[in-house]
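S.K.: Show me the folded form of this:
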Amino acid sequence: MFAVIFGRPGCPYCVRAKELAEKLTEERDDFNFSYVDIHAEGITKADLEKTVGKPVETVPQIFIDQTHIGGCTDFEAYAKENLNLFQ
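M.R.: Sure thing, here's the model as predicted:
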């Protein structure tokens with residue numbers, strides 16, 4: 001299972017999502033992730049909208065195995081329901 005987190009510096013939800021992904025990487029042998037700083041990579045909201053397939057208002061935008069999960073709270077709910085994570 002591989003997650004990609006699109007986020008930006010200084011975003012508290014991006015930090016939370018990244019910390020959760022780091023925790024999952026430590027606790028599970030089948031999980032890894034990549035964090036993409038949209039500012040450093042020059043990715044715009046319009047670019048993310050093309051990838052997500054719908055309007056994007058916030059970051060982070062998170063994908064697991066190329067399936068769009070949503071933002072930070074969506075990722076937390078997904079982890080709790082599907083990855084046996086109890087925060």
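S.K.: What sits closest to residue 59 if chain neighbours are left out?
M.R.: Leaving aside its chain neighbours, residue 59 sits nearest to residue 7 (5.0 Å; criterion: CB to CB, 6 or more residues apart in numbering). Yep, even glycine has a C-beta here, placed from its N, CA and C like the rest.
S.K.: Isn't the one you found up against residue 33?
M.R.: No: judged on CB atoms under 8 Å, residue 7 makes no contact with residue 33 at a distance of 11.3 Å.
S.K.: So the two - more neighbours on which side?
M.R.: More crowded of residue 7 and residue 33, by other CB atoms under 10 Å: residue 7, with 23 against 19.
S.K.: Quickly list what that one is bridged to.
M.R.: Applying DSSP bridges to residue 7 yields these beta-bridge partners: residue 37.
S.K.: what does the average pLDDT come to for the helix or strand residue 51 falls within?
M.R.: Taking DSSP states H and E as the criterion, the element that holds residue 51 is helix 45-52. Across helix 45-52, pLDDT averages out at 92.
S.K.: Go through the next helix or strand after it and flag the buried ones.
M.R.: Going down the chain from helix 45-52, the next helix or strand is strand 61-64, by DSSP H and E. By neighbour count on 16 or more other CB atoms under 10 Å, the buried set for strand 61-64 is 61-64.
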